[in-house]
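1. my questions concern the predicted model and sequence given below.
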Amino acid sequence: MRPDQTYQEYSAAQMYLGENGGIIPIAALTEAADRAFAANDDAAANRLLAMAEVAKRSPWNKYKTEERKIFEARLRTLKEEIGFIFLPIILAFIIGACLVWALRGFGRGNEAT
């Protein structure tokens, strides 16, 4: 659970996804399918049209590549690891503050003794 290593993997994955972040708009898919049909590559065109159908079912009419799905899974893992690192520290601080407050007699802290 080394955050620096996980962040390096996250950065590498983000760079690999390219400028569109691994999300392809439906218009780009249909345009590519049209070009594939024009080039008589029916197999590629059918695959692109299938991807466009998947994109139509997504909330923003965009297709997520497998690389994007892997990237999002790594990002979720990174967020969980950060939580595991900082949660014990925050809890220890809160418990320590409560103990100090209890040992001082539950006062407001600003009262003169």
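-> That came in fine, so what should we check first? Residues are numbered from 1 along each chain as shown.
2. need the helix or strand of the protein with the lowest average pLDDT.
-> The helix or strand of the chain with the lowest confidence, counting by mean pLDDT, DSSP states H and E, is helix 3-17 at a mean of 56.
3. what pairs with the following helix or strand past that helix, parallel or antiparallel?
-> Next along the chain after helix 3-17, taking DSSP states H and E as the criterion, comes strand 23-25. Strand 23-25 has the following sheet partners, assigned by DSSP bridges: strand 62-64 (antiparallel).
4. can you name the next helix or strand after the partner strand?
-> Using DSSP H and E, the helix or strand that directly follows strand 62-64 along the chain is helix 66-103.
5. average pLDDT for that next one, rounded please.
-> Per-residue pLDDT over helix 66-103 has a mean of 88.
6. and it, what does it pack against?
-> helix 3-17 (3 or more Cβ pairs under 8 Å, 6 or more residues apart in numbering; DSSP states H and E). C-beta: built from backbone N, CA, C; applies to glycine.
7. okay, residue 45: pLDDT?
-> The model's pLDDT for residue 45 equals 81.
8. how much space separates it from residue 81?
-> According to Cβ to Cβ, to the nearest Å, residue 45 and residue 81 sit 42 Å apart.
9. over to residue 55?
-> Taking Cβ to Cβ, one finds residue 55 at 31 Å from residue 81.
10. looking at these two, which is more packed in?
-> Using other Cβ atoms under 10 Å as the criterion, residue 55 and residue 81 rank with residue 55 on top: 21 against 16.
11. list the buried residues for the host helix or strand of that one?
-> Residue 55 belongs to helix 42-57 when assigned by DSSP H and E. Buried residues in helix 42-57, counting neighbours by 16 or more other Cβ atoms under 10 Å, are found at 45, 48, 49, 51, 52, 55.
12. just checking, what packs against that helix?
-> So helix 42-57, by 3+ Cβ pairs under 8 Å, 6+ apart, packs with strand 23-25, helix 26-38, strand 62-64.
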